[in-house]
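J.: need coordinates for the following:
(2 chains)
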There are 2 protein chains.
Amino acid sequence: MTTTTLHPGRDGAGVVKRTTLPGGLRVVTETMPTVRSVAVGMWVGIGSRDEDPEHTGATHFLEHLLFKGTPTRDAMEISASIEGIGGEINAFTAKEYTCYYARVLDEDLPIAVDVLADVVTSSLIDREDVESERGVILEEIAMHDDDPSDVVHEQFAVALYGDSPIGRPILGTADSINALGRDRIAEYYGRYYQPPLTVVSVAGNIRHEDVVELVARAYERAGALQGPATSAPPRTSGPGAETRSGVRVLDRPTEQANLVLGTTGMARTDERRFALGVLNAALGGGMSSRLFQEIREKRGLAYSAYSYTSAYADTGQFGIYVGCLPSKIDDVLKICRDEVARVVAEGLTEEEIVRGKGQMRGGLVLGLEDTGSRMSRIGKNELVYDELLSVDEVLARIEAVTAEEISAVAGDVFNRPLTLAVIGPYGDKDFSHAIA
Amino acid sequence: MTTTTLHPGRDGAGVVKRTTLPGGLRVVTETMPTVRSVAVGMWVGIGSRDEDPEHTGATHFLEHLLFKGTPTRDAMEISASIEGIGGEINAFTAKEYTCYYARVLDEDLPIAVDVLADVVTSSLIDREDVESERGVILEEIAMHDDDPSDVVHEQFAVALYGDSPIGRPILGTADSINALGRDRIAEYYGRYYQPPLTVVSVAGNIRHEDVVELVARAYERAGALQGPATSAPPRTSGPGAETRSGVRVLDRPTEQANLVLGTTGMARTDERRFALGVLNAALGGGMSSRLFQEIREKRGLAYSAYSYTSAYADTGQFGIYVGCLPSKIDDVLKICRDEVARVVAEGLTEEEIVRGKGQMRGGLVLGLEDTGSRMSRIGKNELVYDELLSVDEVLARIEAVTAEEISAVAGDVFNRPLTLAVIGPYGDKDFSHAIA
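T.: This next block holds a predicted model:
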């Protein structure tokens, strides 16, 4: 058992420590002595992109099943044990990890650790539960299908990455969910939900040693402290992702058209991600950004208009989202293309760079006041990065970005082939000119 | 100028103070010395239910226009001044109030007060801006129309309150927005955006005296410290709201049906609201609630199933929301009606009461760790309640709720006529049996 201090705690940040237990389970904590609550996350380093075709949708299906029962708690006891003490318990599945979490008063830390460790290590994956939860997931898929702003982002990923695991929706499809049998899910659970792929992260009014002891005891009791060696399958987004260009149009009788126009971005560890962040802030990151000003403030063409970046192990996305009346889409697409071209040709102004940096800085600092976001930061960091950057280090890297770096990133990313996803009442309207 | 200490600050809560400036403007603050940020809200005690028919949609339209410009700042300067320092600025319109707010680092408090006071007191409401923002609001209405879970809640309010201001959507309709002229909006602004109807609330690492001085100076500079006497029009939800029963079905080709089944609840100051809160928690407030357990855990009939309460000056709502595949709706409605009937006949178990109280307690305490939620709590309190209940007082009132009070509330609320709103691919299917 080795314990390392990852951050000494100063400038508003708490002490961050990591202990690795004998079987490979990692426990990271951040101490926040001025709050009354504690957030506990159990992260498993496996996500929907790690599924082979026979397991499509298994990661998320599993997330549901873990709340259905263990040898010592049924579904009602799992939720009641946390809700009865005023806490919340939930989970989410991403493309590269799955997280089970709870937030409770600090004195209730032992209960939160106990319940989460129980569901993560000892799920029954009962046959009857699989059947009833299958219905719930089909409902969840139908719910997403009814939200055009969800659907358009899924369609964009499909258009960008094609039929590769990273391009597929996290929930799977109705067909893949109907095809998933109990044993296949249980086998997936047994293979990946093991100590080497698990990180427990805790932030709040706690002592690191107490957390380590609680986690070790809970895992020991479950006989889960030692498990088979395991790792996520190799992650590549497949040949062609960098050069694919395409248009996907879904004909739907919606009031608004929804569109995402974009391309591949940067992998999570790419050093240029800070420059891309400033660029994104200036182009579509807020109300003072170019796209918001042009599309909404000056022209009144949309209510929602923004750009975003997302990052994975080996690739990333840059996208512009706009929702507008169907008749406005040609104007909107022209503005998007013009603004992208302008930033490639001219870069950002000094004023925009200062503002973009200010925005990233503030978003980071203001976004880390609650226990949940700090728990998330250190947990995700431990899982997917090689190093834990302190908040101050991140701020320094943002500050160091130069105008030349931003222009270089704009030239690189925005000269890649563009991909467009559109949902709206367009029949077979041709949008290929929009990305030409 | 009178200053009152509303809460002395202990048990994790900060000192809360209120100062009333000569013209009637109230400034309330809560000191949180352990955080680095500050949240500033400017609340105006006027909402969509205060609109006469000629002003339908004016409150929300105005909220948009306030970000368009003042004599000293255009739209770009308003957003850039806050975003450039890493903060966020935004606003929302409710049925009984409108709130403009910003969150920034504590050292930037003066900028946040300055910008917010400027937009609240000195909006130009420029004719050209009205036209371009009309387009943005029509986009916002279209966006909501595309989200069936939004639409069903609006339809429920219409069914419950009929064609009265409180039943109408906050945004207005495309027709009402197209009919609203610039002068009518400006007149509404001049009438209501005055000191007696305004509360400035600030929470974070601040000193009360500094905030009062900053606010007074900004209002003085704008010549807005003294204004005409004003108050919100009388608020009554009209005859019949307590006894109305109805079904509203919207035929839409959605994947899921969305339904809200409910009735009128309790006014905001009703002493029985704490008992209704415990009842709501046990019936549909979380994963361990009766509705979630029956509909989702046992039967797998839905992904989202919950109940909620909302409260206004003179009335309130109690509603159950479920999204399910269209073929499941009869089963779901039967469970909803059965659970409501069962709670009326048998009340709650001792265990459910303990858990319901724990849930309310935890939700309150865990929900008040950030500056934004504390700013909201004290601002809203000052605007719509006669007294500021401290968190401890609220906790004591929750604790004091008895099984008898809960049963009495269940008997009262759930014996009122039921109202049902449904959206789904149902043609003219008859749902009147569902509320009979």
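J.: the spatially most central residue of chain A: what's it in contact with?
T.: The residue lying closest to the centre of chain A (Cα atoms, centre = their mean) is residue A:94, at 5.3 Å. Residue A:94 sits next to A:47, A:48, A:170 when contact means Cβ atoms under 8 Å, 6 or more residues apart in numbering or on different chains. The way it works is simple: take the backbone N, C-alpha and C, and place the C-beta from them, glycine included.
J.: same check on residue A:96?
T.: Counted by Cβ under 8 Å, 6+ apart, residue A:96 has contacts A:45, A:46, A:47, A:49, A:50, A:232, A:235, A:312, A:313, A:384.
J.: of those, closest to chain B?
T.: For these, the closest approach to chain B (Cβ to the nearest Cβ) belongs to residue A:47, at 20.1 Å.
J.: hmm, the closest one is touching residue A:97, no?
T.: Yes - here residue A:47 reaches residue A:97: they are 5.1 Å apart, a contact under Cβ atoms under 8 Å.
J.: what's the neighbour count on residue A:330?
T.: Residues near residue A:330, counting by other Cβ atoms under 10 Å in any protein chain shown, number 12.
J.: rewinding a little: okay if I get the contacts of residue A:96 as TSV plus neighbour count?
T.: Converted to TSV, those look like this (neighbours: other Cβ atoms under 10 Å in any protein chain shown):
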residue	neighbour count
A:45	19
A:46	28
A:47	22
A:49	24
A:50	23
A:232	16
A:235	16
A:312	20
A:313	18
A:384	17
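J.: and the residue nearest to the centre of chain A, how far is that from residue A:30?
T.: 21 Å (Cβ to Cβ, to the nearest Å).
J.: does residue A:336 sit in a helix, a strand or a coil?
T.: Three-state assignment for residue A:336 (DSSP: H, G, I helix; E, B strand; the rest coil): helix.
J.: contacting residues for it?
T.: Residue A:336 sits in contact with A:261, A:291, A:295, A:320, A:322, where contact means Cβ under 8 Å, 6+ apart.
J.: what do you get if the cut-off is 10 Å, keeping everything else the same?
T.: Applying Cβ atoms under 10 Å, 6 or more residues apart in numbering or on different chains to residue A:336 gives the contacts A:259, A:261-262, A:283-284, A:291, A:294-295, A:305, A:307, A:320-322, A:418, A:420, A:434.
J.: what strands line up against the helix or strand bottoming out on mean pLDDT in chain A, and which way round?
T.: Ranking every helix and strand in chain A by mean pLDDT, DSSP states H and E puts strand A:2-7 at the bottom, with a mean of 86. According to DSSP bridges, strand A:2-7 has the following sheet partners: strand A:16-20 (antiparallel).
J.: right, and the helix or strand after the strand it pairs with?
T.: Later in the chain than strand A:16-20, the nearest helix or strand by DSSP states H and E is strand A:26-31.
J.: quick one, strands of the stretch 1-150 of chain A?
T.: Secondary structure of the stretch 1-150 of chain A (DSSP state E, counting those that start in this stretch): strands located at A:2-7, A:16-20, A:26-31, A:37-44, A:88-93, A:98-105.
J.: deepest in the core, which of those strands is it.
T.: strand A:37-44 (a mean of 27; mean count of other Cβ atoms under 10 Å in any protein chain shown).
J.: buried residues in stretch A:50-63?
T.: Residues of stretch A:50-63 classed as buried: A:50, A:51, A:55, A:56, A:57, A:58, A:59, A:60, A:61, A:62, A:63 (neighbour count, 16 or more other Cβ atoms under 10 Å in any protein chain shown).
J.: from the middle of its chain, how far away would the helix or strand where residue A:183 lies be?
T.: Assigned by DSSP H and E, residue A:183 belongs to helix A:182-192. A distance of 23 Å separates the centroid of the chain from that of helix A:182-192, by Cα atoms, centre = their mean, to the nearest Å.
J.: now do it against strand A:37-44: the angle between them, please.
T.: 110 degrees (axes from the mean of the first three to the mean of the last three Cα atoms, to 10 degrees).
J.: residues in contact with the least confident helix or strand of chain A: which ones?
T.: Contact with strand A:2-7 is made by A:13-22, A:27-30, A:208-209, A:212, A:378, A:381-382, A:387-393, as judged by Cβ under 10 Å, 6+ apart.
J.: go on, stretch A:394-404?
T.: Residues outside stretch A:394-404 that contact it (Cβ under 10 Å, 6+ apart): A:11, A:271-279, A:281, A:347-350, A:352-353, A:356-361, A:364-365, A:377, A:389-390, A:408-409.
J.: ChimeraX command for the buried members of those residues?
T.: To isolate the buried members of the contacts of stretch A:394-404 in ChimeraX, using 16+ other Cβ under 10 Å:
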select /A:272,273,274,275,276,277,278,279,281,347,348,352,353,356,357,358,359,360,361,364,365,377,390,409
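J.: just to revisit the earlier point, how about TSV for the contacts of residue A:96, with distance to residue B:402 and pLDDT added?
T.: Below are these laid out as TSV (distance: Cβ to Cβ, whole Å; pLDDT from 0 to 100):
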residue	distance to residue B:402	pLDDT
A:45	49	97
A:46	48	97
A:47	48	97
A:49	53	96
A:50	52	96
A:232	53	87
A:235	57	88
A:312	54	95
A:313	56	93
A:384	50	91
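J.: which SSE is the residue in the stretch 301-436 of chain A positioned nearest to chain B in?
T.: Relative to chain B, the nearest point of the stretch 301-436 of chain A is residue A:362 (1.5 Å; Cβ to the nearest Cβ). Using DSSP H and E, residue A:362 sits within helix A:350-366.
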